[in-house]
Structures are given as C-alpha cells and as structure tokens.
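Trainee: take a look and give me a structure for this.
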Amino acid sequence: MKRFWWLAILALVSLASAEVLFSEDFFDGNLEGWTREPGEIGLRWVISSQRYYNGPYGAICPKGNNQDERLISPAVCLTAEVSIKFYWATSYTWFVSPHNNGDFRLEIREAGGPGGWVELWNEEADGPFENWVWNETEIDIGPYWYGHDVQFAWRVIAHKAADVWLDTITVYSEDEEPEPDPDLDIEEVSFGRIKAAYL
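Mentor: Numbers count the residues shown, from 1 in each chain. Model prediction:
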C-alpha cells in the first residue's frame, strides 16, 4: 500500500513539473498565427468540423495531386529540452502499403526561415497503423534546439494518396528528476515534496 501512495504522489509531482510552451487544438476554428505553404489556394491545410480528435475542430490536408504542403506553427521558444505530442490520422493503405503514394512528416527549423527544415518524424516511424484511427505521437526534440526560437511544420508530400488529419498539439518541457527507489517508504519522502503534490 505504501508503494502505491508513493507512486501516486510521484505522478502528481511529475505533472506539476511539466511546462507547456505551446499548445493548439484548433478550438477557435481558425488557423490564426499559422502559415500554410505554398499558400492559401487549392488543396491546402484547412480547418475541419468533421475530422478532429478533440472537437469541435481539427486541421485537415485534403487528398490531391502532386502535393507538397506544409502547415507551419507560430514560433516557439524552446527554453529547455522539450517533447512534442500530437494526434494524427490518415490511410496506411495509401501512404505506406500497398500504395506508397506519399509521406506525412513533422519538421523543425529556426524560426523565420526560409528553408532549413529538418525532419523529426514521418508516418512510417510508428510502424503499421490503422486507416483513419487517431494516433498519438510523442517525440523528444533533443538538446540541439535548446534555447532557440523554432517553428514546426506538418508536411504532406503525396500524389493521389489520402487526406491527413491533425489535432491537439502540445510542446512541453519536463524537469528531470532522479528515479525513485521503489522500496522507499512514504515516511521517507520529504514534507516539501508531499506538499508540492497537492498545490
């Protein structure tokens, strides 16, 4: 029983130590602050009231021909080593197998560009996934970008592949803490840390 309470308190303290640097769930139903590349015309990233993870809206890049389209975030200052988490869905059938007609990527660059994009992830990195089922992806950004103002881009490069859905994006840092001793009794936890769990 003591071990259970220790783990519960540790989880609360860990949540309290995370700092959200950027979040977007498209709740307002617009892309204000975001940039679409190459532009506003044609099959570009748009807001959808039909395809979302956390309603009432999500973002969608509709299926098209000879696409190379980015949805670029506002600048985010990475004050520490961070992670990014986001939810996405598309068709495994038309993006990976048996029809490898496109790529869906997450990229990063120094804010303001132009160019300089570095790929962090693509849809094949998560292994097989189900068609049109929301996936949660979480990526550690790494120390190289610490202290930089950056932008993230969700990029679709495809020809007659499928729609891509995106929603609920969070960029956050988390303070590193030593791993707890699982045999440590709750009485040995300092009063300060117990208090922090309830603030």
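
Trainee: show me where this structure has its strands.
Mentor: Taking DSSP state E, the strands of the chain run over residues 18-24, 35-37, 46-48, 58-61, 67-72, 76-77, 82-89, 102-110, 118-122, 135-140, 149-158, 164-174.

Trainee: reformat the ones you listed as CSV; add mean neighbour count.
Mentor: (Each C-beta comes from the backbone N, C-alpha and C, glycine too.) Shown next, in CSV, are those (neighbours: other Cβ atoms under 10 Å):
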stretch, mean neighbour count
strand 18-24, 14
strand 35-37, 16
strand 46-48, 16
strand 58-61, 24
strand 67-72, 20
strand 76-77, 16
strand 82-89, 20
strand 102-110, 20
strand 118-122, 16
strand 135-140, 13
strand 149-158, 21
strand 164-174, 20
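
Trainee: P128: which of those strands is closest?
Mentor: Comparing the strands of the chain by their distance to P128 (Cβ to Cβ), the top pick is strand 135-140, with 10.9 Å.

Trainee: okay, now the sheet partners of that closest one, with direction.
Mentor: Sheet pairing for strand 135-140, assigned by DSSP bridges, gives strand 82-89 (antiparallel).

Trainee: how about the partner strand as PDB, C-alpha atoms only?
Mentor: The C-alpha trace of strand 82-89 is given here as PDB (Å, rounded to 0.1, in the frame of the first residue of the first chain):
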ATOM      1  CA  VAL A  82      11.400  19.500 -24.900                       C
ATOM      2  CA  SER A  83       9.000  17.000 -26.300                       C
ATOM      3  CA  ILE A  84       6.200  17.400 -28.800                       C
ATOM      4  CA  LYS A  85       3.000  15.400 -28.700                       C
ATOM      5  CA  PHE A  86       0.300  15.500 -31.400                       C
ATOM      6  CA  TYR A  87      -2.600  13.400 -32.700                       C
ATOM      7  CA  TRP A  88      -2.900  12.400 -36.400                       C
ATOM      8  CA  ALA A  89      -4.700  10.000 -38.700                       C
END
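
Trainee: can you give me the angle it makes with strand 102-110?
Mentor: Put simply, strand 82-89 runs at 160 degrees to strand 102-110, going by axes from the mean of the first three to the mean of the last three Cα atoms, to 10 degrees.

Trainee: residues making contact with strand 82-89?
Mentor: With contacts defined as Cβ atoms under 8 Å, 6 or more residues apart in numbering, strand 82-89 is touched by 21, 51, 53-54, 104, 106, 120, 123, 132-141, 145, 152, 154, 164-174.

Trainee: stretch 20-29 now?
Mentor: Stretch 20-29 has contacts (Cβ under 8 Å, 6+ apart) with 47, 49, 52, 54, 56-59, 73-74, 76-79, 82, 167-173.
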